[in-house]
Structure formats: structure tokens, C-alpha cells
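> Fold the following for me, if possible:
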Amino acid sequence: MCIDLNSDLGEGFGRWTLGDDDALLSIVTSANVACGFHAGDPVIMRRTCETAAARGVVIGAQVGYRDLAGFGRRFVDVPPVELADDVIYQIGALDAFARVAGTRVRYVKPHGALYNAIVHHEAQAAAVVAAVRAYDPGLPVLGLPGSAWLRQASRAGLTTVAECFADRAYTREGRLVPRGVPGAVLHDPALVAERSVRMARGEPIEAVDGTPLTVTADSICVHGDSPGAVAMAIEVRDALKANGIGLAPFAQQPFAQQPFKEQPVTDTKASFAEESV
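Sure, this is the predicted structure:
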């Protein structure tokens, strides 16, 4: 049994740093690298790509809204055509630095408010799908199981990869609890590690209301910007290995794509603005 372990990295900007990328790149198997719109700059992008390539970590483009001030965690009602161009721009920018480092961008994962918006926002989901297809239809895409993003990507012929979150609470519908709600982010390493093992095995975890919830995925995300992120990632990695679950980039594994579950939801800006990965 094998699963991917991914993390959002390269999220500093200029002299401002966030997280310990160097340490996390010795733990994770896939790196979602910021592409300059919500975080990251050319120096950080090149350094992150070079370190990832040297350590055999697969590089993915972490694309988001053009929102440096808000760290990409605010919904932006950008026209779909412009959003598609923004996504192509970001993938291409990161891919340039990946090529210089001797590798390539191997997948695409939206960030923050964009990630959550395209769970339900059909037009923006279609825009991101169109951007990936235009740049490289061979790139897998990473996202939340049951999302409009993965459903549309699958219908468009893209390889879809479902992910779960080690350190985030879930609603009973399998959505992420908005960060503004108490308990949305989990901080107990032992609990996070135990939940990660259960999700990797396809066993139920507890939703925020105590309901049993099964989240099946091919990749587990551990956040790089949370307090104690490195220690938590180590605990998750060690717990997976101790339970006979190997770690490998999903780009090197057969995919177990899951059937999509439609969720009734109100498509409002407010719902997008309140949520962020």
C-alpha cells in the first residue's frame, strides 16, 4: 500500500518567509510550489524547484488568484477567460524554473480560495480545466473528491487525483470546515497522524459534528504554514510507514479515481470567501 504526501511550499515573498521548505522537502513526496500570484517570487521559485529536484520530490504548480495581499485566501470574481490565462501564466512560470532545475512541472493544484471556489463554481472550474488542457493535457490535477473541478477535469480527459487533508477538519458532506470556524485546523500531531493513517486505509474519520466520514484519496496534504508543520509532517510520515503504508509521488502510482458525489450547495461569493485551504 502506497500514498503520496504533498505540501504547499515556496510561499514566501522577497524578505518575508513562511514555513521551513528545506525541512519539508526532506519529508514530502510532492511539492505544491507557489507560482507568484498568491505567494512566491522568481528567487524562491527557482530555489524551491532546485531543492525539490535534488531530493527527488515531484513539483506541482500551486496556482491561485492574483492576490498577494490576501495570500490567495479571498474569493476573486475574475472572468473565466482571464482566470484561464492567469493559470496558464503561473504554470508556465514555474515550469521554466523546474526545467532549469532539470525537471518539469508534473501536476497542477489550485490554492486557497480558488481551490474551494471550484469545488462548486462551475465557470471557474471550467476555466482552470481549460488552462491545464491548453498548457499540457498530460498534467494530472489534484483536488477535493466530488468537486466540480475534478468532475469537469475528468470529463475533459485529464487525469484526476483526489486528495485529503491531514490537519483540516471536515464537514459531514466531505468539505473542509472554513478556517474562520473554531477547530477547522487541527494542531495535535498524534491525532493528525492517526487520522492520516485511517484516510490512507480508506477507513472513516470523524467529521466536525462527530459523523463517520470516509475520505478516499491518493494523496495526503500536510500544510507547510501551520505552527509546528515540520514536526507534524514527520509524525504523519512515521505513522504511515509504521502501519505499512509506503510513500511515493502519485505521479508514479496507478490512480484509483473515485466516483463523484454531487453535493447540494448555494453558489455564493460569501461561501467561497469564508473558505480557504
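> what residue ranges in the chain score low on pLDDT?
252-277 (pLDDT under 70).
> Which secondary structure elements does the longest helix belonging to it sit against?
Counting residues, the longest helix found in the chain (DSSP state H) is helix 80-100. Judged by 3 or more C-beta pairs under 8 Å, 6 or more residues apart in numbering; DSSP states H and E, helix 80-100 is in contact with helix 42-54, strand 58-63, strand 105-110, helix 122-135. Glycine gets a C-beta too; all of them are placed from N, C-alpha and C.
> now the helix or strand containing I118 against helix 80-100, angle please.
Using DSSP states H and E, I118 maps to helix 112-120. Compare the direction of helix 112-120 with that of helix 80-100 by axes from the mean of the first three to the mean of the last three C-alpha atoms, to 10 degrees and you get 120 degrees.
> Please indicate which of the helices and strands packed on helix 80-100 has the most neighbours on average?
Using mean count of other C-beta atoms under 10 Å, the stretch among those with the largest mean neighbour count is strand 58-63, at a mean of 29.
> which residues are contacting that one?
Residues outside strand 58-63 that contact it (C-beta atoms under 8 Å, 6 or more residues apart in numbering): 6, 8, 10, 29-35, 37-38, 49, 52-53, 86-87, 90-91, 94-95, 98, 103-111, 114, 128, 131, 142, 249, 251-252.
> tell me the helices in the chain, going along the chain?
21-24, 42-54, 80-100, 112-120, 122-135, 148-155, 189-201, 229-242, 269-274.
> Report the central residue of this structure.
K109 (5.1 Å; C-alpha atoms, centre = their mean).
> That residue touches G143, doesn't it?
Yes. Applying C-beta atoms under 8 Å as the test, K109 and G143 come out as touching, 7.1 Å apart.
> what touches both of these two?
Jointly contacting K109 and G143 under the rule C-beta under 8 Å, 6+ apart are 115, 163.
> quick revisit: which one of the helices of the chain is the most hemmed in?
Among the helices of the chain, ranked by average contacts under mean count of other C-beta under 10 Å, first place goes to helix 112-120 (a mean of 26).
> the inter-axis angle of that one versus strand 105-110?
Going by the same axes, to 10 degrees, helix 112-120 makes 80 degrees with strand 105-110.
> mind starting the numbering at 314 from now?
That works, and once the first residue is 314, the last one we named lands at helix 425-433.
> packing partners for helix 425-433?
Helix 425-433 sits against helix 435-448, strand 454-456, helix 461-468, helix 582-587, with contacts defined as 3+ C-beta pairs under 8 Å, 6+ apart.
> can you redo these as JSON lines with distance to L499?
Formatted as JSON lines, the helices and strands packed on helix 425-433 follow (distance: least, C-beta to C-beta, whole Å):
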{"stretch": "helix 435-448", "distance to L499": "27"}
{"stretch": "strand 454-456", "distance to L499": "20"}
{"stretch": "helix 461-468", "distance to L499": "24"}
{"stretch": "helix 582-587", "distance to L499": "19"}
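> out of those, nearest to D551?
strand 454-456 (23.5 Å; C-beta to C-beta).
> got the helices and strands packed on helix 393-413 as TSV, with distance to V528 columns?
Listed next are the helices and strands packed on helix 393-413 as TSV, based on distance: least, C-beta to C-beta, whole Å:
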stretch	distance to V528
helix 355-367	26
strand 371-376	20
strand 418-423	17
helix 435-448	20
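> out of these, which comes closest to M512?
Among these, strand 418-423 comes nearest to M512, with 17.4 Å by C-beta to C-beta.
> Give me the distance between that closest one and the centre of its chain.
Relative to the chain's own centre, strand 418-423 is displaced by 9 Å; criterion: C-alpha atoms, centre = their mean, to the nearest Å.
> between that strand and helix 461-468, how many degrees?
140 degrees.
> quick one: contacts of strand 418-423?
Contacts of strand 418-423 from elsewhere in the structure, counted by C-beta under 8 Å, 6+ apart, are 319, 343, 345, 371-377, 400, 404, 407-408, 411, 428, 431, 441, 445, 452-456, 462, 474, 476, 562-564.
> just stretch 347-358 next, same as before
Contacts to stretch 347-358, defined as C-beta under 8 Å, 6+ apart, come from residues 321-327, 331, 346, 361, 374-381, 383-386, 399, 403-404, 406-407, 410, 424-425.
> Export it to CSV, keeping only CA atoms.
Taking C-alpha atoms only, stretch 347-358 is exported to CSV below (Å, rounded to 0.1, in the frame of the first residue of the first chain):
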residue,chain,number,x,y,z
ALA,A,347,3.5,28.8,-5.3
CYS,A,348,3.8,30.4,-8.7
GLY,A,349,4.0,34.1,-7.8
PHE,A,350,0.3,35.1,-7.7
HIS,A,351,-0.6,34.3,-4.0
ALA,A,352,3.0,33.9,-2.9
GLY,A,353,6.4,33.2,-4.2
ASP,A,354,8.8,35.2,-6.4
PRO,A,355,11.4,34.2,-9.0
VAL,A,356,14.2,33.6,-6.5
ILE,A,357,12.0,31.5,-4.2
MET,A,358,10.5,29.6,-7.1
